[in-house]
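Participant: coordinates only, sequence not included:
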């Protein structure tokens, strides 16, 4: 039964992708219906899988002596992320019925969205590291195709290429780790590695640990790879909600959490993970404060909140990171879909051309305020509890400087959250014609708003659900009441809430703080220019593209020579693997 559910969760979205493509763009209603039906089918299979979690591999499809067997591990961590990918994915597909109405090449859009959902499920459930890498690369391909969906827009194409190249840096790190594991273990089985990681030579384990950190940082847009995600906002907004807020960017966090038990003892690894998360969180928060593009504000916010999750893992708080991942997936998908409804209704992403939209879009305003409360960490919505657990883990297991940085980041988060809410929904209208969200859009918003309000109530059961996948020190499960009481009575909680209040007041009293703003003008300019990282990444992308262009001379145009080259390269790789296995 478990194996069947796993196959359904992967295969139903993929089957839907094929059928939508075959339906043809001349029948958009059928395409919408098929996409919604098969997305919901995949979500149903993943949800039912909750009752079938286990700690042993299921399925065993041989792929040959070099590639091992296709196996899947349905433990709590994997199933949780599969549910996030499919449920939020199905809501994004429902939202797309209105958002993509009248768009050309609808089949290509739904093909990539559904293909991505299935691949993300495969990525988190796979217990074969090489198979995980295959799914990892499929999600990157789908992400590139969807960012570049409007192929007549140069910014969309550039954003897609940039995302593909930077995330491929992470792919190299993951593939290198997989090959090293095969050489020393003889297979790619993840549970076997986690149980026997101590048996590997220290230098080998270090190569894998830092290779996987590079993979996670690139995939989750962490320092110094953080600039690709804002440029990915050229994708249709439901894609931003699905791939670039709730699912794909979480793959890096998942990778760190999954392999934490093996890498925690590697000298310098935890400290590096913690530093990457803290630096990313504060830099991205500063960039969100100065941005006027609604989707880019949310993109910078996503990068910052992912930094909190990475920081928690570095501090040893794997449960806190995953609980915040759950909260963030819900409230950030809600915020992105609300932003999509606003942009669809107004026709611009520039918040300076919005204002006063609350009266015209009351449900969207209410939903976005709820999402904003979760993002800012205001009691009692889900983001408050999960972020406090992250900070609690950092206070206990990390250096003081990093904790201070994260607390300041919480204040900045409150500042930019109140800023975008007021600029969009309050004040005098600054735009022209506005129309409210359609029924399908509202249908997708309501469950996410309710989730933001109530998912914190499952903290205890969620901990129990993840127990088998957590490090040994975190397997002592607390009940929800214990967790909430501990957070609510901790002195540090009141200190953080004080900083959040300062952030809110800084926006309310912004005119009285003009002098302070002038003093910080240089910092604001640096934040608006991505602290120079955009120029660095642009250079990397340009160098990569130029190198690829120079390699065109190797393409002779003669099929026989090209095939021979591929065969020789493949033989060389297999030979290295075979020698290493001996």
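Facilitator: In hand now; what should we look at? Note that the structure is a prediction, hence the values are computed from the model and not measured. Numbers count the residues shown, from 1 in each chain.
Participant: Pull out the buried positions in stretch 364-383.
Facilitator: Going by neighbour count (16 or more other CB atoms under 10 Å), the buried part of stretch 364-383 is 364-378, 381-383. Heads up, the C-betas are built off the backbone N, CA and C, glycines and all.
Participant: Point out where the stretch 1-150 of the chain drops to low pLDDT.
Facilitator: 65-66 (pLDDT under 70).
Participant: What ranges does it have for its strands?
Facilitator: For the stretch 1-150 of the chain, the strands defined by DSSP state E, counting those that start in this stretch cover 58-62, 69-72.
Participant: what's the most buried one of these?
Facilitator: Comparing those on average neighbours per residue, with mean count of other CB atoms under 10 Å, the densest one is strand 69-72 at a mean of 20.
Participant: Name the helix or strand of this protein that has the lowest mean pLDDT.
Facilitator: helix 514-519 (a mean of 60; mean pLDDT, DSSP states H and E).
Participant: ok, the closest residue to residue 235 other than its chain neighbours - contacts?
Facilitator: Among residues not flanking residue 235 along the chain, residue 147 sits closest, at 4.5 Å (CB to CB, 6 or more residues apart in numbering). Contacts were defined as CB atoms under 8 Å, 6 or more residues apart in numbering; by that measure residue 147 touches 156, 159-160, 163, 231-232, 234-235, 239.
Participant: Kindly recompute the last result at 7 Å.
Facilitator: Listed by CB atoms under 7 Å, 6 or more residues apart in numbering, the contact set of residue 147 reads 156, 159-160, 163, 232, 234-235.
Participant: For those, name the two members farthest from one another.
Facilitator: Greatest spacing in these, by CB to CB: 156 and 163 (10.7 Å).
Participant: Which one's more surrounded, those two?
Facilitator: More neighbours surround residue 163 than the other of residue 156 and residue 163, with 28 against 21 (other CB atoms under 10 Å).
Participant: is it true that that one touches residue 233?
Facilitator: No: judged on CB atoms under 7 Å, residue 163 makes no contact with residue 233 at a distance of 10.6 Å.
Participant: quick one: which helix or strand includes residue 222?
Facilitator: Assessed by DSSP states H and E, residue 222 sits outside every helix and strand.
Participant: residues contacting the nearest residue to it once chain neighbours are set aside?
Facilitator: Distances taken as CB to CB, 6+ apart place residue 280 nearest to residue 222, at 4.7 Å, with adjacent residues excluded. Residues near residue 280 by CB under 7 Å, 6+ apart: 222-223, 226, 303-304, 307, 310.
Participant: Take those and lay them out in JSON lines including pLDDT and neighbour count.
Facilitator: Listed next are these as JSON lines, based on pLDDT from 0 to 100; neighbours: other CB atoms under 10 Å:
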{"residue": "222", "pLDDT": "89", "neighbour count": "31"}
{"residue": "223", "pLDDT": "85", "neighbour count": "22"}
{"residue": "226", "pLDDT": "82", "neighbour count": "30"}
{"residue": "303", "pLDDT": "92", "neighbour count": "28"}
{"residue": "304", "pLDDT": "93", "neighbour count": "27"}
{"residue": "307", "pLDDT": "94", "neighbour count": "29"}
{"residue": "310", "pLDDT": "95", "neighbour count": "30"}
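Participant: Which ones among these map onto helices?
Facilitator: Within the contacts of residue 280, residues falling in helices by DSSP state H are 303-304, 307, 310.
Participant: out of those residues, who's nearest residue 255?
Facilitator: Among those, and counting by CB to CB, the member closest to residue 255 is residue 310, at 10.5 Å.
Participant: tell me the contacts of residue 122?
Facilitator: 10, 135.
Participant: if we go to 8 Å?
Facilitator: 10, 131, 135, 138.
Participant: most surrounded residue in those?
Facilitator: Most surrounded of the contacts of residue 122: other CB under 10 Å gives residue 10, at 26 neighbours.
Participant: Would you mind confirming that that one makes contact with residue 118?
Facilitator: Yes: counting by CB atoms under 8 Å, residue 118 is a contact partner of residue 10 at 4.7 Å.
Participant: can you list residues touching both of those two?
Facilitator: In contact with both residue 10 and residue 118: residue 42, using CB under 8 Å, 6+ apart.
Participant: Going by neighbour count, list what's buried in stretch 172-182.
Facilitator: Neighbour-count burial for stretch 172-182, counted by 16+ other CB under 10 Å, picks out 173-182.
Participant: Flag the shaky bits of this structure, pLDDT-wise.
Facilitator: Those would be 65-66, 244-246, 431-432, 512-534, 536-538, 540-541, 544-545, 548, 551-564, 574-582, if you go by pLDDT under 70 across the chain.
Participant: And the helix ranked longest in the chain, how far out from the chain middle?
Facilitator: In the chain, assigned by DSSP H, the helix with the most residues is helix 154-185. Computed by CA atoms, centre = their mean, to the nearest Å, the chain-centroid distance of helix 154-185 equals 15 Å.
Participant: related to what we said a few turns ago, let me know the closest of the contacts of residue 280 to residue 105.
Facilitator: Nearest member of the contacts of residue 280 to residue 105, counting by CB to CB, is residue 303, at 29.2 Å.
Participant: quick one: that closest one and residue 284 touch, right?
Facilitator: Yes: the pair residue 303 and residue 284 passes the contact test of CB under 8 Å, sitting 3.9 Å apart.
Participant: so what sits against both of those two?
Facilitator: What both residue 303 and residue 284 touch, as defined by CB under 8 Å, 6+ apart, is the set residue 226.
Participant: which ones are touching residue 465?
Facilitator: 50, 53, 76, 79-80.
Participant: mind running it again at 7 Å?
Facilitator: With CB under 7 Å, 6+ apart, residue 465 has these contacts: 76, 80.
Participant: If you count neighbours, what's buried in the helix or strand encompassing it?
Facilitator: Taking DSSP H and E as the definition, residue 465 sits inside helix 459-466. Of all the residues in helix 459-466, those buried under the rule 16+ other CB under 10 Å are 459-460, 462-463, 465-466.
Participant: Show me which of those residues is closest to residue 269.
Facilitator: residue 466 (21.3 Å).
Participant: and that closest one, what does it touch?
Facilitator: Residue 466 neighbours (CB under 7 Å, 6+ apart): 76-77, 80, 319, 322.
Participant: which of these has the most neighbours?
Facilitator: residue 322 (28 neighbours).
Participant: what angle separates whichever strand or helix holds that residue from helix 459-466?
Facilitator: If you go by DSSP H and E, residue 322 is part of helix 318-346. Helix 318-346 runs at 110 degrees relative to helix 459-466, counting by axes from the mean of the first three to the mean of the last three CA atoms, to 10 degrees.
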